[in-house]
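1. what's the 3D shape of this:
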Amino acid sequence: MNLRNGCSLLLKPRKSPTPFVLATNPNPEKANSLNVCPVSESHVVKVLRQEHDIVSSLEYFKSLSNSGTFKHTHLTYETMIDKLGRNNEMDGVSYLLQQMKLENVPCSQELFQFVIKCYRRSNLGEQGLKMFYRIREFGCEPSVKIYNLVLDALLSQNLFKMINALYNNMKSEGLEPNVFTYNVLLKALCQNGKVDGACKLLVEMSNKGCDPDDVSYTTVISSMCKLGDVDKARELAMKFEPVVPVYNALIHGVCKECRFKEAFDLMNEMVDRGVDPNVISYSTVISCLSDMGNVELSLAVFGRMFVRGCRPNVQTFTSLIKGFFVRGRVGDAVGLWNLMIREGVSPNVVAYNTLIHGLCSDGNMDEAISVWNQMEKDSIRPNVTTYSTIIYGFAKSGDLVSACETWNKMINCGCRPNVVVYTCMVDVLCQMSMFDQAFDLIDNMISDGCPPTVITFNNFIKGLCRAGRVEWAMNVLDQMEKYECLPNIRTYNELLDGLFRANAFREACGLIRELEERKVEFDCVTYNTIMYGFSFNGMHQQVLQLLGKMLVNGIKLDTITVNTTVNAYCKLGKVKTAIKVLDNISAEKEFRADIITHTIILWGICNWLGTEEAVVYLHEMLKRGIFPNIATWNVLVRGFFSKLGHMGPIRILDDIIGSSIM
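-> Numbering: from 1, shown residues only. Here you go, the predicted model:
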């Protein structure tokens with residue numbers, strides 16, 4: 001697919017793992033070049049370790065086996081298995097273990113432990129378990145350490161049922177679990193919401209003479225805090241000697257609930273009990289405060305760190321920088337970044353992404369690109385978040401070609417897109433009216449193992465509706481089921497808005513009836529969209545009926561709702577009612593009428609009550625500090641001229657309301 005100025009949108013296929021088959025014939029030419037003549041064990045090990053190419057290593061290994069000049073030993077097998085395992089070639093590892101078995105080459109405990117670690121690293125916990133159950137075939141006996149490694153491999157994929165079964169198997173073999181075993185079990189229980197079971201296991205540990213360590217307590221207390229049981233977690237923490245990780249978990253728990261006074265109390269308690277808060281303690285508080293935009297208090301905590309002699313790390317600075325951006329204090333954020341560099345704290349990819357995101361959100365794309373270039377100079381490899389942020393920034397600033405060029409760079413660099421960047425690119429292509437390419441991109445998400453979400457489809461439907469391609473948008477609604485993606489209320493809001501804007505009034509009413517029959521709950525945007533559609537078609541009485549439904553259903557009114565309602569009353573000639581309704585809503589102090597509201601009222605007064613009343617209302621507006629805009633003056637001027645000849649209702653009011661709905 002081609003874009004203007006020579007920019008192309010690439011969809012580069014992912015590189016598959018290096019294929020190999022151990023049973024194939026060796027490459028004689030390659031084997032000769034690697035010296036297949038009679039050699040010693042030490043030479044073979046040296047060659048295998050020095051050869052960086054996995055395929056060449058395999059060819060050499062196989063050629064030795066087939067040459068008859070060398071019989072592989074435990075050490076050469078171990079070296080080749082080590083090389084395969086580090087490259088996640090687990091089929092090859094399994095094959096070589098089988099060859100060792102056939103050749104009666106013993107497999108050591110250390111080698112088997114390494115193999116299980118490789119299964120864990122490759123996210124193949126279940127296959128690792130199957131290999132473990134064959135351990136005795138390789139002349140190796142299960143030990144507590146090997147059991148622990150298998151349990152940890154299963155935990156990494158949260159295979160909870162298998163963990164429990166393996167633990168029971170371990171006990172049946174008469175092996176006593178150690179603290180590592182219990183910690184894996186504690187984490188598995190907590191990871192699956194069984195914190196009460198984890199607390200019981202802590203007691204079991206102590207009863208069996210295996211004292212819980214810092215990891216044990218921290219695991220349980222962190223999980224309790226995540227579940228909102230901070231007070232219970234604190235009670236548990238008071239039952240043993242205080243340690244920094246446990247306090248940090250408690251601090252994180254209270255900060256998540258915005259209980260900052262308790263966080264400060266905990267830090268003071270730490271000092272009183274002889275435990276110094278560390279950089280994580282301070283950074284946790286700073287991060288939560290910054291997320292809320294309370295940078296002043298964050299800076300106070302930051303200063304306290306220095307007083308206590310605790311050096312901030314990159315996470316501390318990143319949290320503060322993010323906080324300044326949240327408050328819109330871009331200059332201060334950049335200043336803090338410069339301070340971080342001066343303090344000798346090296347930024348990581350998260351820090352760079354935070355700065356780039358803040359600059360992009362502020363519309364400062366030149367500075368964002370400059371930071372991106374510096375990132376690459378510092379040998380910090382951009383990740384998918386970096387690219388998605390840059391693409392979003394370009395899209396927001398209207399530079400769609402640069403957004404596409406950034407996508408191409410990401411693909412060419414081998415960075416696999418995630419659903420966020422895919423969704424952003426769908427929006428970019430829709431803005432460029434490249435709908436076929438946008439749909440192809442959605443289809444590509446499936447083949448890339450990154451299924452589109454409802455947000456992806458909503459962006460596509462929105463783009464189609466904005467371009468008047470409503471029929472296609474309705475077809476996409478039907479196709480969402482094919483992708484096992486259910487539409488949400490925003491999907492329907494976009495479609496309703498598109499149908500009304502395309503004057504497809506009958507189809508819009510049909511969709512409304514369908515939603516009502518399916519008992520889909522409308523939100524404020526849904527009501528506003530329908531009310532505007534009815535208003536545009538002169539159905540002002542129905543607009544007021546919808547207002548009643550909103551109030552009955554407890555939907556909070558916003559400015560658009562009020563403006564549409566006021567407009568309906570004015571079009572029906574009920575101007576005084578409109579003013580009364582507006583006064584009642586404004587009296588609740590949750591709503592402040594904008595200039596559009598007052599312009600609509602002025603239109604109603606001019607058309608139904610007379611220009612003299614309009615002038616009085618205008619003076620009241622000015623007294624309250626509400627100043628007319630060009631549309632307001634147009635209404636007044638037309639009102640005066642209508643005395644000379646009727647000009648009919650002005651459509652501009654409907655246009656003003658409609659432009660602010662979505």
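
2. For the rest of this, base every contact and every neighbour count on C-alpha atoms.
-> Noted.

3. shouldn't Met375 be in contact with Ala351?
-> No - between Met375 and Ala351 there is no contact under C-alpha atoms under 8 Å: 10.1 Å.

4. Lowest mean pLDDT among the helices and strands, pick that one out for this structure.
-> helix 28-33 (a mean of 45; mean pLDDT, DSSP states H and E).

5. I would like the residues contacting the helix or strand that that one is followed by, please.
-> Using DSSP states H and E, the helix or strand that directly follows helix 28-33 along the chain is helix 41-50. For helix 41-50, contacts defined as C-alpha atoms under 8 Å, 6 or more residues apart in numbering pick out Ser57, Tyr60, Phe61, His72, Thr73, Leu75, Thr76, Thr79, Met80, Lys83.

6. Helix 41-50: which residues count as buried?
-> Going by neighbour count (16 or more other C-alpha atoms under 10 Å), the buried part of helix 41-50 is Val44, Val45, Leu48.

7. got TSV for these, with pLDDT and distance to Thr316 too?
-> Output for the buried residues of helix 41-50, formatted as TSV (pLDDT from 0 to 100; distance: C-alpha to C-alpha, whole Å):
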residue	pLDDT	distance to Thr316
Val44	90	49
Val45	90	46
Leu48	90	44
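
8. Would you reformat those as TSV and include distance to Gly548?
-> Below are those laid out as TSV (distance: C-alpha to C-alpha, whole Å):
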residue	distance to Gly548
Val44	85
Val45	83
Leu48	79
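
9. Out of these, flag the one nearest to Asn158.
-> Nearest to Asn158 out of those is Leu48 (C-alpha to C-alpha; 35.3 Å).

10. Check the gap between that closest one and Phe112 for me.
-> 20 Å (C-alpha to C-alpha, to the nearest Å).

11. and what of Asp443?
-> Distance, Asp443 to Phe112, by C-alpha to C-alpha: 43 Å.

12. ok, the two, which is more surrounded?
-> When neighbours are counted by other C-alpha atoms under 10 Å, Asp443 and Phe112 differ, and Phe112 comes out ahead with 21 against 15.

13. And the pLDDT at the more buried one?
-> Listed pLDDT for Phe112 reads 92.

14. Who are the contact partners of it?
-> Cys140, Ile146.

15. now do Cys255
-> Cys255 neighbours (C-alpha under 8 Å, 6+ apart): Ala263, Thr284, Val285, Cys288.

16. what about the residue lying closest to the first one once chain neighbours are set aside, helix or strand, and which?
-> Right, the one you point to is Ala263. Excluding the flanking residues, the one nearest Ala263 by C-alpha to C-alpha, 6 or more residues apart in numbering is Ile251, at 5.2 Å. Assigned by DSSP H and E, Ile251 belongs to helix 244-256.

17. Identify each buried residue in the next helix or strand after that helix, please.
-> Per DSSP H and E, the first helix or strand lying C-terminal to helix 244-256 is helix 260-272. For helix 260-272, the neighbour count (16+ other C-alpha under 10 Å) marks Phe260, Ala263, Phe264, Leu266, Met267, Glu269, Met270 as buried.

18. And these, which is closest to Ile555?
-> Taking C-alpha to C-alpha as the measure, Phe260 is the one of the buried residues of helix 260-272 closest to Ile555, at 33.0 Å.

19. gap between the closest residue in space to Val184 that isn't next to it in sequence and Ala593?
-> Nearest residue to Val184 in three dimensions, chain neighbours excluded: Asp152, at 6.3 Å (C-alpha to C-alpha, 6+ apart). Counting by C-alpha to C-alpha, the separation of Asp152 from Ala593 is 60 Å.

20. now Tyr282
-> For Tyr282, the distance to Ala593 (C-alpha to C-alpha) stands at 44 Å.

21. Who has more neighbours out of these two?
-> Between Tyr282 and Ala593, counting by other C-alpha under 10 Å, Tyr282 is the more crowded of the two (23 against 16).

22. Assess the claim that the more buried one and Ala300 are in contact.
-> No - look at Tyr282 against Ala300 with C-alpha under 8 Å: they stay out of range, at 10.7 Å.

23. residues of stretch 588-601 that come out buried?
-> Neighbour counts over stretch 588-601 (16+ other C-alpha under 10 Å) mark Ala593, Ile595, Ile596, Thr597, His598, Thr599, Ile600, Ile601 as buried.

24. tell me the least confident of these?
-> Ala593 (88).

25. could you point out which element follows the strand or helix carrying Glu507?
-> Here Glu507 sits within helix 505-517, counting by DSSP H and E. Using DSSP H and E, the helix or strand that directly follows helix 505-517 along the chain is helix 524-536.

26. So which bits of that next one are buried?
-> Under 16+ other C-alpha under 10 Å, the buried positions of helix 524-536 are Val525, Thr526, Tyr527, Asn528, Thr529, Ile530, Met531, Tyr532, Gly533, Phe534, Ser535, Phe536.

27. can you give me the offset of it from its chain's centre?
-> A distance of 32 Å separates the centroid of the chain from that of helix 524-536, by C-alpha atoms, centre = their mean, to the nearest Å.

28. try stretch 180-192
-> 26 Å.

29. Nearest residue to the most centrally placed residue in the chain in space, please, no chain neighbours.
-> Nearest to the geometric centre of the chain sits Val420, at 7.5 Å (C-alpha atoms, centre = their mean). Spatial nearest neighbour of Val420, excluding adjacent residues (C-alpha to C-alpha, 6+ apart): Ser388 at 7.0 Å.

30. Tell me the spacing between the one you found and Gly358.
-> In terms of C-alpha to C-alpha, Ser388 sits 13 Å off from Gly358.

31. can you check Asn408 too?
-> Using C-alpha to C-alpha, Asn408 is found at 23 Å from Gly358.

32. picking that back up, as a markdown table, the buried residues of helix 524-536 with distance to Phe240 would be great.
-> Shown next, in a markdown table, are those (distance: C-alpha to C-alpha, whole Å):
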| residue | distance to Phe240 |
| --- | --- |
| Val525 | 54 |
| Thr526 | 55 |
| Tyr527 | 57 |
| Asn528 | 58 |
| Thr529 | 60 |
| Ile530 | 61 |
| Met531 | 63 |
| Tyr532 | 64 |
| Gly533 | 66 |
| Phe534 | 67 |
| Ser535 | 68 |
| Phe536 | 70 |
